[in-house]
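below are the sequence and a predicted model; questions follow.
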Amino acid sequence: MSLDVLLVNKAGQPIDWTDKMTGACYYAREKVICDLGTVIKTYTGGKDENGETSRIDVSSIIMVTGPIFGNDFYTRETIYAEREILYARDAYLCAYCGIQFKDDKHLTIDHVHPRSRGGRHTWTNTVTSCKSCNHAKAARTPEEWGHQLLYVPYAPSLQEKLLLKNRKVLIDQMEYLLTSIPKTSRVWDNPLYTKH
């Protein structure tokens, strides 16, 4: 599924991504308050009583009313389903050796304070680690292993999670999301998001 449409609520806050077809459903059910950005897909249908073809133009950003269709992305508290967001948050960089990878094939999630010793599975206790470092660290803290974290884990804001979740963000969507991401976020250090 291609996540092309950014959904925002009537207060203008980003709430989730959806595909173009679901975006068209918001229009068809009259759930769109207004649309922003550029038209990314046009759907045509049958003819009305005047012989005109029905048409729905789906914009890259749509402001919707009511509950969103589909998943509960913005209310999840665990990161199991958000593994890719964690890797993107940490820029695919091992928190221990500093090697940056192109994808997640050689990465794992490490619990800074090991789960076997009471560590929690939270954003602030998890970092991206290469498999080699994760195996060497085992069930120890970084201090016990004799290493320091290269960066501090943090819980990304909803807007950061939305930006990190989708790898095909359009420029207008990027600009919209960046306006509400705190300047303290590591997203600002990543040229992938801030070069526009």
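Perfect, thanks for sending it. Residues are numbered from 1 along each chain as shown.

residue contacts, residue 149?
By CB atoms under 8 Å, 6 or more residues apart in numbering, the contact list for residue 149 reads 95-96, 112, 127, 142. Backbone N, C-alpha and C define where each C-beta goes, glycine included.

could you do residue 95 as well?
Residues in contact with residue 95 (CB under 8 Å, 6+ apart) are 110, 127-129, 133, 149-151, 153.

keep only those of these that are in helices.
residue 133 (DSSP state H).

now render the contacts of residue 95 as TSV, adding pLDDT.
TSV is the format used below for the contacts of residue 95 (pLDDT from 0 to 100):
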residue	pLDDT
110	95
127	95
128	95
129	96
133	96
149	94
150	94
151	91
153	90
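
give me the buried subset of the contacts of residue 95.
For the contacts of residue 95, a burial check counting by 16 or more other CB atoms under 10 Å picks out 110, 127-129, 133, 153.

pull the most distant pair out of the contacts of residue 95.
Among these, the pair separated by the greatest distance (CB to CB) is 133 and 153, at 14.7 Å.

count the neighbours of residue 154 for me.
13 (other CB atoms under 10 Å).

how is the chain partitioned into domains?
Split into domains by automatic domain parsing, the chain comes to 1-75+167-196, 78-145.

flag the shaky bits of this structure, pLDDT-wise.
Where the chain drops to pLDDT under 70, the residues are 1-3, 69-81, 191-196.

quick check: longest strand of the protein.
Criterion DSSP state E: the longest strand present in the chain is strand 32-47.

please spell out which residues along that strand are buried.
For strand 32-47, a neighbour-count test (16+ other CB under 10 Å) marks 32, 35, 37, 40-41 as buried.

and which of the residues you listed is nearest residue 118?
When the buried residues of strand 32-47 are compared for distance to residue 118 (CB to CB), residue 37 wins out at 45.9 Å.

for burial, what's the neighbour tally of the residue nearest to the closest one when sequence neighbours are not counted?
Of all residues not flanking residue 37 in the chain, residue 60 sits nearest, at 3.5 Å (CB to CB, 6 or more residues apart in numbering). By other CB under 10 Å, the residues close to residue 60 number 22.

residue 88 now?
Residue 88 is flanked by 24 other residues according to other CB under 10 Å.

check contacts around it.
Residues counted as contacts of residue 88 (CB under 8 Å, 6+ apart) are 164-165.

which residues in this structure form helices?
Using DSSP H, helices in the chain cover 20-28, 83-89, 131-137, 142-145, 158-165, 171-178, 191-194.

perfect, I'm done here.
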